[in-house]
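[1] A structural model of the following input is requested.
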Amino acid sequence: MLELAILGFLYDAPLHGYELRKRITALTGHVRPIAESTLYPAIKRLEKAGLLERATEPGAVAAPRHVLTLTEEGRTELRRRLAEPVQRDITDENRWFTVLAFLRHLDDPAAQTAVLRRRLAFLEEPASFFYDGDRPLSAEELEDPFRRGILTIARATSRAELGWLRETITALDG
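    Numbering: from 1, shown residues only. As a prediction, this is how the structure comes out:
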(Lines give C-alpha, C1' and ligand atoms only; values in the text may rest on other atoms or scores of the structure.)
Protein backbone atom coordinates (compact mmCIF):
# COMPACT_ATOMS: atom_id res chain seq x y z
CA MET A 1 0.00 0.00 0.00
CA LEU A 2 2.79 2.42 0.90
CA GLU A 3 4.77 1.76 -2.27
CA LEU A 4 1.61 2.12 -4.37
CA ALA A 5 0.86 5.47 -2.71
CA ILE A 6 4.44 6.68 -3.29
CA LEU A 7 4.31 5.71 -6.97
CA GLY A 8 0.82 7.18 -7.35
CA PHE A 9 1.60 10.58 -5.90
CA LEU A 10 4.89 10.86 -7.80
CA TYR A 11 3.10 9.95 -11.04
CA ASP A 12 1.52 13.42 -10.99
CA ALA A 13 4.55 15.50 -10.05
CA PRO A 14 7.97 15.37 -8.39
CA LEU A 15 7.72 15.89 -4.62
CA HIS A 16 9.96 16.50 -1.64
CA GLY A 17 9.92 13.66 0.89
CA TYR A 18 8.09 15.81 3.44
CA GLU A 19 5.35 16.76 0.97
CA LEU A 20 5.00 13.14 -0.11
CA ARG A 21 4.60 12.07 3.51
CA LYS A 22 1.90 14.71 4.07
CA ARG A 23 -0.06 13.49 1.03
CA ILE A 24 0.19 9.84 2.02
CA THR A 25 -0.88 10.70 5.57
CA ALA A 26 -3.89 12.61 4.22
CA LEU A 27 -4.90 9.53 2.20
CA THR A 28 -4.18 6.76 4.71
CA GLY A 29 -2.97 8.33 7.94
CA HIS A 30 -6.25 8.11 9.82
CA VAL A 31 -5.79 4.34 9.72
CA ARG A 32 -2.06 3.84 9.36
CA PRO A 33 0.05 6.89 10.17
CA ILE A 34 3.21 6.95 8.06
CA ALA A 35 6.37 7.43 10.08
CA GLU A 36 9.61 8.61 8.53
CA SER A 37 11.14 5.31 9.64
CA THR A 38 8.65 3.54 7.35
CA LEU A 39 8.53 5.99 4.44
CA TYR A 40 12.22 6.50 3.77
CA PRO A 41 13.18 2.80 3.59
CA ALA A 42 10.32 2.34 1.08
CA ILE A 43 11.64 5.26 -0.96
CA LYS A 44 15.12 3.73 -0.91
CA ARG A 45 13.75 0.34 -2.10
CA LEU A 46 11.91 2.01 -4.98
CA GLU A 47 15.00 4.06 -5.84
CA LYS A 48 17.21 0.96 -5.79
CA ALA A 49 14.70 -0.81 -8.08
CA GLY A 50 15.00 2.08 -10.56
CA LEU A 51 11.38 3.20 -10.07
CA LEU A 52 12.20 6.67 -8.80
CA GLU A 53 15.10 9.09 -8.74
CA ARG A 54 16.26 11.48 -6.05
CA ALA A 55 17.80 14.87 -6.76
CA THR A 56 19.10 17.37 -4.24
CA GLU A 57 17.91 20.98 -4.38
CA PRO A 58 19.20 23.81 -2.23
CA GLY A 59 16.81 24.63 0.61
CA ALA A 60 15.29 28.11 0.67
CA VAL A 61 15.93 28.52 4.38
CA ALA A 62 17.07 25.17 5.71
CA ALA A 63 19.26 22.31 4.56
CA PRO A 64 19.16 20.95 1.01
CA ARG A 65 15.99 19.06 0.10
CA HIS A 66 15.59 15.84 -1.82
CA VAL A 67 13.13 15.89 -4.71
CA LEU A 68 11.70 12.54 -5.77
CA THR A 69 10.76 11.91 -9.40
CA LEU A 70 9.14 8.84 -10.89
CA THR A 71 11.10 7.17 -13.68
CA GLU A 72 9.46 5.72 -16.78
CA GLU A 73 9.95 2.29 -15.18
CA GLY A 74 8.14 3.62 -12.11
CA ARG A 75 5.23 4.85 -14.23
CA THR A 76 5.01 1.44 -15.89
CA GLU A 77 5.16 -0.32 -12.52
CA LEU A 78 2.38 1.84 -11.09
CA ARG A 79 0.12 1.03 -14.04
CA ARG A 80 0.94 -2.68 -13.68
CA ARG A 81 0.10 -2.67 -9.97
CA LEU A 82 -3.15 -0.85 -10.66
CA ALA A 83 -4.15 -3.21 -13.48
CA GLU A 84 -3.23 -6.32 -11.46
CA PRO A 85 -3.87 -5.54 -7.80
CA VAL A 86 -3.27 -8.38 -5.36
CA GLN A 87 -6.42 -9.79 -3.76
CA ARG A 88 -5.73 -7.97 -0.49
CA ASP A 89 -5.82 -4.66 -2.39
CA ILE A 90 -9.37 -5.56 -3.45
CA THR A 91 -10.67 -6.88 -0.12
CA ASP A 92 -9.04 -4.55 2.42
CA GLU A 93 -10.93 -1.26 2.44
CA ASN A 94 -7.93 0.94 3.17
CA ARG A 95 -5.78 -0.73 0.53
CA TRP A 96 -8.72 -0.49 -1.88
CA PHE A 97 -8.96 3.26 -1.32
CA THR A 98 -5.28 3.57 -2.21
CA VAL A 99 -5.87 1.67 -5.47
CA LEU A 100 -8.94 3.78 -6.17
CA ALA A 101 -7.04 7.03 -5.52
CA PHE A 102 -4.76 6.29 -8.48
CA LEU A 103 -6.88 4.11 -10.77
CA ARG A 104 -7.27 7.08 -13.14
CA HIS A 105 -3.64 6.52 -14.17
CA LEU A 106 -4.71 3.41 -16.08
CA ASP A 107 -5.39 4.77 -19.56
CA ASP A 108 -7.61 1.87 -20.61
CA PRO A 109 -11.25 2.05 -19.40
CA ALA A 110 -11.53 -1.74 -19.87
CA ALA A 111 -8.61 -2.24 -17.47
CA GLN A 112 -10.20 0.16 -14.96
CA THR A 113 -13.50 -1.69 -15.27
CA ALA A 114 -11.82 -5.05 -14.70
CA VAL A 115 -10.45 -3.80 -11.37
CA LEU A 116 -13.83 -2.35 -10.37
CA ARG A 117 -15.55 -5.64 -11.28
CA ARG A 118 -13.23 -7.51 -8.91
CA ARG A 119 -14.25 -5.20 -6.06
CA LEU A 120 -17.91 -5.54 -7.04
CA ALA A 121 -17.69 -9.34 -6.98
CA PHE A 122 -16.05 -9.21 -3.55
CA LEU A 123 -18.78 -6.94 -2.13
CA GLU A 124 -21.57 -9.07 -3.58
CA GLU A 125 -20.41 -12.15 -1.62
CA PRO A 126 -22.38 -12.71 1.61
CA ALA A 127 -20.18 -11.68 4.51
CA SER A 128 -20.30 -10.35 8.04
CA PHE A 129 -17.98 -9.45 10.88
CA PHE A 130 -19.85 -11.99 13.03
CA TYR A 131 -20.82 -15.59 12.30
CA ASP A 132 -22.87 -18.45 13.67
CA GLY A 133 -20.61 -21.27 12.56
CA ASP A 134 -20.15 -20.62 8.84
CA ARG A 135 -23.32 -18.52 8.50
CA PRO A 136 -22.86 -14.75 8.41
CA LEU A 137 -25.05 -12.93 10.94
CA SER A 138 -27.09 -9.86 10.02
CA ALA A 139 -27.54 -6.79 12.21
CA GLU A 140 -31.12 -7.82 12.95
CA GLU A 141 -29.91 -11.09 14.48
CA LEU A 142 -27.68 -9.43 17.06
CA GLU A 143 -28.78 -8.26 20.50
CA ASP A 144 -25.53 -6.41 21.18
CA PRO A 145 -26.24 -2.82 20.08
CA PHE A 146 -22.59 -2.12 19.36
CA ARG A 147 -22.10 -5.10 17.09
CA ARG A 148 -25.44 -4.30 15.49
CA GLY A 149 -24.09 -0.80 14.91
CA ILE A 150 -21.00 -2.14 13.18
CA LEU A 151 -23.13 -4.20 10.80
CA THR A 152 -25.62 -1.38 10.19
CA ILE A 153 -22.84 1.07 9.30
CA ALA A 154 -21.04 -1.53 7.15
CA ARG A 155 -24.27 -2.32 5.27
CA ALA A 156 -24.90 1.37 4.50
CA THR A 157 -21.31 1.83 3.34
CA SER A 158 -21.48 -1.29 1.16
CA ARG A 159 -24.75 -0.19 -0.43
CA ALA A 160 -23.26 3.19 -1.29
CA GLU A 161 -20.13 1.60 -2.75
CA LEU A 162 -22.10 -1.01 -4.70
CA GLY A 163 -24.22 1.74 -6.24
CA TRP A 164 -21.15 3.77 -7.16
CA LEU A 165 -19.36 0.72 -8.59
CA ARG A 166 -22.31 -0.28 -10.79
CA GLU A 167 -22.79 3.29 -12.01
CA THR A 168 -19.08 3.76 -12.78
CA ILE A 169 -18.76 0.39 -14.52
CA THR A 170 -21.76 1.23 -16.69
CA ALA A 171 -20.24 4.62 -17.57
CA LEU A 172 -16.85 3.10 -18.40
CA ASP A 173 -18.46 0.35 -20.49
CA GLY A 174 -20.56 2.91 -22.38
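[2] end-to-end on stretch 79-95?
    Terminal residues of stretch 79-95 lie 16 Å apart, using CA to CA, to the nearest Å.
[3] list the contacts of that stretch.
    Under the contact criterion CB atoms under 8 Å, 6 or more residues apart in numbering, stretch 79-95 has outside partners 1, 4, 7, 28, 31-32, 96, 98-99, 102-103, 105-107, 111, 114-115, 118-119, 122. For glycine as for every other residue, the C-beta is placed from the backbone atoms N, C-alpha and C.
[4] over to stretch 150-163?
    Contact partners of stretch 150-163, identified using CB under 8 Å, 6+ apart, comprise R119, L120, L123, E124, S128, F129, F130, L137, S138, A139, L142.
[5] which ones among the contacts of stretch 79-95 lie within strands?
    For these, not one is inside strands, with DSSP state E as the criterion.
[6] which ChimeraX command selects the buried ones in those?
    Entered in ChimeraX, the line below selects the buried ones among the contacts of stretch 79-95, by 16 or more other CB atoms under 10 Å:
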select :1,4,7,28,96,98,99,102,103,105,106,111,115,118,119
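[7] quick one: which of the contacts of stretch 79-95 sit in helices?
    Among the contacts of stretch 79-95, DSSP state H puts 4, 7, 28, 96, 98-99, 102, 111, 114-115, 118-119, 122 in helices.
[8] tell me where this protein has helices.
    Ranges of helices in the chain, per DSSP H, are 2-12, 17-28, 36-48, 72-83, 87-91, 93-102, 109-124, 145-173.
[9] for the ones you listed, which one sits closest to T56?
    With distances scored as CB to CB, the stretch of those nearest to T56 is helix 17-28 (11.4 Å).
[10] gap between the closest one and the chain center?
    With CA atoms, centre = their mean, to the nearest Å as the basis, helix 17-28 stands 13 Å off its chain's centre.
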